[in-house]
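Chemist: sequence isn't available, so here's the structure alone:
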């Protein structure tokens, strides 16, 4: 069964410090991973996906198949990055290929 | 495009009553997903529907819960004979009909159900 683990429920850093939100997964096939973000009083929204290898709002995430990880990183955190972050794994096979399995989420707080 | 709409935003039910949660997907989206977020927990997949079809309901409790996405109108998540443990935030998401973009799930604001 596929699973996504975000080991840190809470993460606090100071503005300008590097930040890394951890995500590990277990999946037997070829994984497709995403990071979603929910800012205060806003909807959950897609932040980035591993396939595109893009940087959004300064965040990047590299898929490491050897370590089964997809950690989200930003070299210099900003206060506006404070939010709940979810790592998600897409079910790539079968009929339910649209289904996402989410991790438990990490609340990031960036202090001034 | 107004985005995914959910109503009501807040719903209070007494134990034993029925709860009906509605979700209108984004225009042009034919895939709908329901997720539940219990207090202090992450999002848990419940059910995945396309128009008039349930594709995957592996996350739905076996009893009291049902979902539909009719040809016309919103998707409905129905909880019969609610219990206190059903208190949670229920989120709906939709994704484009284009299977290449099916990973792009757009979320609604959620319905917060409180069972008293």
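Modeler: Structure received. All values reported here derive from a predicted model rather than from experimental measurement.

Chemist: in stretch A:35-45, what counts as buried?
Modeler: A:35-38, A:43-44 (16 or more other CB atoms under 10 Å in any protein chain shown). For the C-beta atoms, the positions are set from N, CA and C on the backbone; glycine is no exception.

Chemist: ignore the last one, stretch B:63-79
Modeler: Using 16+ other CB under 10 Å as the test for burial, stretch B:63-79 gives B:65, B:67-69, B:74-77, B:79.

Chemist: where does chain B have low pLDDT?
Modeler: B:1 (pLDDT under 70).

Chemist: near chain A, which residues of it show up?
Modeler: Residues of chain B found near chain A, taking CB under 8 Å from any CB of the partner chain as the criterion, are B:3-4, B:31, B:33, B:35, B:41-45, B:48, B:55-56, B:58, B:91, B:93, B:95, B:99, B:102-110.

Chemist: let's see which of these end up in strands.
Modeler: Secondary structure from DSSP state E places B:31, B:33, B:35, B:43-45, B:48, B:55-56, B:91, B:93, B:95, B:106-107 of the residues of chain B next to chain A in strands.

Chemist: nearest the geometric middle of chain B, what residue?
Modeler: A centroid search over chain B (CA atoms, centre = their mean) returns residue B:34, at 3.4 Å, as the residue closest to the centre.

Chemist: tell me what it is bridged to.
Modeler: Beta-bridge pairing of residue B:34 under DSSP bridges involves residue B:47, residue B:92.

Chemist: type out the ChimeraX command that picks the buried ones from the ones in strands among the residues of chain B next to chain A.
Modeler: Listed next is the ChimeraX selection for buried residues among these, using 16+ other CB under 10 Å:
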select /B:31,33,35,43,44,45,48,55,56,91,93,95,106,107
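
Chemist: for residue A:12, state which of the ones in strands among the residues of chain B next to chain A is nearest.
Modeler: Distances from residue A:12 to these, taken as CB to CB, are shortest for residue B:43 (22.4 Å).

Chemist: I figured the closest one hits residue A:99, correct?
Modeler: No. The pair residue B:43 and residue A:99 fails to qualify as a contact (CB atoms under 8 Å) at a distance of 11.7 Å.
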